Each structure stands twice: as C-alpha cells, then as structure tokens.
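Trainee: need a 3D model of the following:
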Amino acid sequence: MEFTVGHVVPHFPALSEGGVLNELLFLERIGVAQVIYADEPGAAAELVPEAEPLMRRVLYLGGAGRGLCRRWLHDLGVILRAGVAGPRGVRGAVLVRAGRPNEGRRLARLAAALSVTGACILHVHFAHIALSCWPAARAAGRPLIVSCRGRDVMLLEQRSRRARTHLFANVALFLVRSEAMAADMHALGAPPERVRVHHSGVDLDRLTFSPLSSDMTAEPRVLMVGRLVEKKGFDLALRALARSQLPLRIRVAGSGPEEDRLKVLARQLGLWQRVDWLGAVPRERVIQEMRAATLLLQPSRRARDGDREGIPVSLMEAMALGLPVVATRHAGIPELVEDGVSGVLVDEGDEAALARAIEALLREPSRRAALAVAARAKVEKAFDARKQAETLAACYRSVLGLPPT
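Mentor: Here you go, the predicted model:
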C-alpha cells in the first residue's frame with residue numbers, strides 16, 4: 001500500500017487489549033504498512049504469541065538510563081528541534097511536560113520518531129494518550145486519527161476543557177467502539193462530523209462455530225473473562241451464582257487489582273471450592289476455556305470512577321464460537337447482544353435478575369443452541385476483523401485524500 005500508518009499505544013503487546021491487536025494484525029494481513037510506537041513492552045511474549053508477526057514493526061519510545069533532570073532537558077530539546085513548541089505546542093508540550101512527565105516524554109520521543117520512520121498518518125489508540133501526541137502530529141504535518149475504546153473516554157473527561165478543546169481541534173477523525181461511546185464523545189465537545197462508530201472485530205477463521213447442543217452436563221461450566229476490575233462486575237456475578245442450586249463449576253480467566261477482594265468474597269459466599277482462578281492466560285487458552293464452557297458471564301457496569309466498557313472482545317469471541325452469553329445493558333454491549341435473540345441481557349447491578357437469567361439458560365439447552373446460531377450471525381455481520389480492517393484502511397485513505405481502492 002502506498003502509505004504507512006504509525007500507531008501509538010501505551011504498551012505492546014498487551015494481553016488485555018485484544019481489540020487493538022486484532023486490528024493491527026488484520027491491517028497487516030491486508031497489506032497496510034505499519035509502524036507501532038509503544039511506550040514500553042507489555043505482557044510477556046508467551047502470553048501474547050499472536051503478536052509475533054508485528055514485533056518487527058515496534059519502536060519503543062520509553063527510555064531509561066538518564067536521571068530525571070537530564071531526561072527532562074533531553075526531551076525538551078527534542079520538542080524544540082521537532083518544532084512542537086509553537087504557540088499551541090508550548091501549552092500542549094512544554095507545560096504538559098512540567099506537570100505530566102510521562103506525557104511529555106512520549107511527545108518528545110514521538111516527535112523524534114516521526115521524523116525518521118516515514119509514517120504519513122498517525123493513529124493513536126486511546127483518547128487520553130492523544131493529548132500528548134497531537135502537537136507532534138501537527139508539527140510533522142501528519143493527520144491524526146484517534147480510537148476511543150472505553151476507559152480512555154473516562155480519563156479524557158477528567159482532563160481540562162481547554163486540553164480537550166486543543167485535542168478536538170487537531171484530530172481528523174475519532175473512531176469509537178459504539179453508539180453509546182459516540183454520544184459520550186459528543187457530550188465532551190468532539191465535533192459530531194468527526195466521530196465515527198468503528199467496531200472492533202475478531203478472527204472468524206480461528207473462531208470456528210461449534211455450539212453446545214447436548215443436555216446439561218452434571219457440572220455446567222460458567223466462564224468469566226477479563227481484567228479483575230470494578231467495571232467487569234465479577235463480584236455481582238459471584239453473588240448471583242451463589243444463589244444457584246445447580247452444581248456449577250465457575251472459571252475465572254484474568255488478573256487485576258480486584259483479585260484479592262473477589263477471592264475473599266468467594267469464600268464468604270461459600271463458593272471457594274467451586275471457583276477456579278486461572279489468572280492471566282494467553283488468548284488461545286481463553287478460547288479453549290470458551291469451547292469447554294456452558295455459558296459466558298459479562299455483567300459489566302459503570303464503575304464508581306466513571307470507567308465503562310466499549311464492547312468487550314471476549315463477548316464477541318464467545319458469540320462467534322457458539323457459547324451462549326449473559327451480559328448487562330451497559331455501554332455498547334446491547335449493540336452486540338440482542339436480548340432474547342443473540343444472548344440474554346439484564347440491567348446493570350441487578351443481582352436477582354442476573355441469577356434468574358443464569359439459572360433459566362442453564363436449564364434450557366435448546367434455547368442456548370438457538371441463541372448461539374443468532375450470535376454467530378451477528379458477529380459475522382458486524383464484528384469480522386477482516387471486514388473491519390478493510391473499513392479502517394478506507395478511513396485512512398479518506399483522511400489522506402486518496403481515492404478509494
């Protein structure tokens with residue numbers, strides 16, 4: 001392809017960011033030239049082996065070995081030499097640098113990287129990170145695209161209106177994961193004509209459809225996947241599961257700051273002997289768990305700090321495989337899961353409704369099979385990673401003023 005895209009991510013590879021990884025992998029497969037600017041390495045390589053084809057594309061912006069003062073002076077020099085300290089750049093770079101050293105360091109090193117790597121469009125993944133990237137894109141004359149994915153919108157809300165105004169004035173296109181997220185960005189002041197819904201996608205060739213159609217086994221498996229953080233609602237799920245009289249096996253794939261609290265809760269609820277804590281595991285292991293499960297729980301909710309979902313990739317993967325899902329009417333989830341058609345939805349925080357939904361679905365294998373068929377069709381229609389990559393490549397061409405292919 002006749003252009004190169006520079007992607008900015010905080011860490012690469014990152015186990016918890018399957019949507020970003022799928023996007024980059026499929027852009028690679030359809031022939032889009034890429035370079036990845038990451039602050040630091042993310043998860044251990046053995047946890048994200050699928051990222052290997054992209055590792056030769058990664059340039060790490062983080063740096064060590066200098067004292068704080070020397071690093072500050074070095075990065076300020078890069079900012080000045082790169083021309084990102086003009087009237088707006090001073091506010092967007094030098095002053096930001098004084099109060100937010102990580103952001104200033106990213107800006108300095110990104111400015112230097114853009115001058116030597118040849119990327120002609122900058123795609124920043126996560127809106128709050130774009131606050132420290134737009135001056136480099138502006139100075140280099142590169143159009144800027146920003147993907148909003150969930151928590152980053154909450155972090156953007158917490159920044160000043162002035163900072164957001166500068167960002168909104170310098171972004172060619174915001175790509176959001178759901179209509180709900182588009183509304184959030186409009187409320188923050190993003191120009192509506194520059195906000196576009198672009199779903200994440202999953203690899204449908206790898207996720208072959210194989211729904212469970214037999215009667216309920218002696219010990220049905222309920223699976224939960226994701227970082228152990230408040231917005232995932234796993235504490236609500238444990239309370240709902242404790243109400244069940246069925247001989248359930250509960251499998252939890254993920255790690256995070258809520259892990260100790262959730263384990264204490266499981267003991268208090270009398271679930272300790274029925275819960276398997278798998279920790280952080282590779283995506284292929286997650287897929288194996290989904291193939292062996294009876295249903296997936298995704299009881300997401302708005303966290304107290306405002307954190308919320310985009311549309312969880314784990315839901316897309318489960319639905320593609322034929323694993324029935326029970327989730328909540330939260331953020332963009334209803335745009336993927338149609339209640340009673342491709343899955344079951346309950347209101348956020350409604351423990352009793354969640355318990356009833358789980359119990360009913362586990363007792364109705366024919367209903368699970370019907371939901372699975374509709375779920376696969378939904379993912380094929382709107383969440384196919386290859387189709388989404390082709391749409392994204394068309395967005396790049398449009399922003400660059402190139403004719404469609």
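
Trainee: now do the strands in the protein.
Mentor: Along the chain, the stretches classed as strands by DSSP state E are 4-11, 33-40, 58-60, 121-125, 144-148, 173-176, 195-197, 221-225, 249-253, 275-279, 295-298, 325-328, 344-346.

Trainee: okay, now the domains of this structure?
Mentor: The chain breaks down into these domains under automatic domain parsing: 4-201+385-400, 221-382.

Trainee: give me the buried stretch members for stretch 49-63, please.
Mentor: Across stretch 49-63, burial judged by 16 or more other C-beta atoms under 10 Å covers Glu50, Ala51, Leu54, Arg57, Val58, Leu61. From N, CA and C alone the C-beta is placed, and that goes for glycine too.

Trainee: tell me how far it lies from the chain's centre.
Mentor: When C-alpha coordinates are averaged (C-alpha atoms, centre = their mean, to the nearest Å), stretch 49-63 and its chain have centres 18 Å apart.

Trainee: ok, and what's touching it?
Mentor: 12-13, 21, 24-25, 28, 34-41, 45, 71, 105-106, 109-110, 113, 117, 282-284 (C-beta atoms under 8 Å, 6 or more residues apart in numbering).

Trainee: rewinding a little: and which of the buried residues of stretch 49-63 is nearest to Ala377?
Mentor: Glu50 (25.2 Å; C-beta to C-beta).

Trainee: show me which of the contacts of stretch 49-63 are buried.
Mentor: The buried subset of the contacts of stretch 49-63 (16+ other C-beta under 10 Å) comprises 12-13, 21, 24-25, 34-39, 71, 105-106, 109-110, 113, 282-283.

Trainee: among the contacts of stretch 49-63, which are in helices?
Mentor: 21, 24-25, 28, 71, 105-106, 109-110, 113, 117, 283-284 (DSSP state H).

Trainee: the residues you listed: which two are farthest apart?
Mentor: Counting by C-beta to C-beta, the most remote pair of the ones in helices among the contacts of stretch 49-63 is Arg71 and Glu284, 38.8 Å apart.

Trainee: still on that earlier bit, dump the domains of the chain to TSV, plus distance to Pro211 and mean pLDDT.
Mentor: Listed next are the domains of the chain as TSV, based on distance: least, C-beta to C-beta, whole Å; pLDDT from 0 to 100:
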stretch	distance to Pro211	mean pLDDT
domain 4-201+385-400	20	84
domain 221-382	3	96
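
Trainee: which one of these lies closest to Leu207?
Mentor: domain 221-382 (4.0 Å).

Trainee: roughly how far is the closest one from the heart of the chain?
Mentor: Counting by C-alpha atoms, centre = their mean, domain 221-382 is centred 17 Å from the centre of its parent chain.

Trainee: stretch 19-35 now?
Mentor: That offset, for stretch 19-35, works out to 15 Å (C-alpha atoms, centre = their mean).

Trainee: can you check stretch 43-55 too?
Mentor: 17 Å.

Trainee: and for stretch 14-32?
Mentor: Worked out by C-alpha atoms, centre = their mean, stretch 14-32 lies 11 Å from the chain centre.

Trainee: got the buried residues for that stretch?
Mentor: Buried residues in stretch 14-32 (16+ other C-beta under 10 Å): 14-27, 32.

Trainee: next one: stretch 2-14
Mentor: Thr4, Val5, Gly6, His7, Val8, Val9, Pro10, His11, Phe12, Pro13, Ala14.

Trainee: also stretch 300-308?
Mentor: Of the residues in stretch 300-308, Ser300, Arg301, Arg302, Ala303, Asp307, Arg308 count as buried by neighbour count, 16+ other C-beta under 10 Å.
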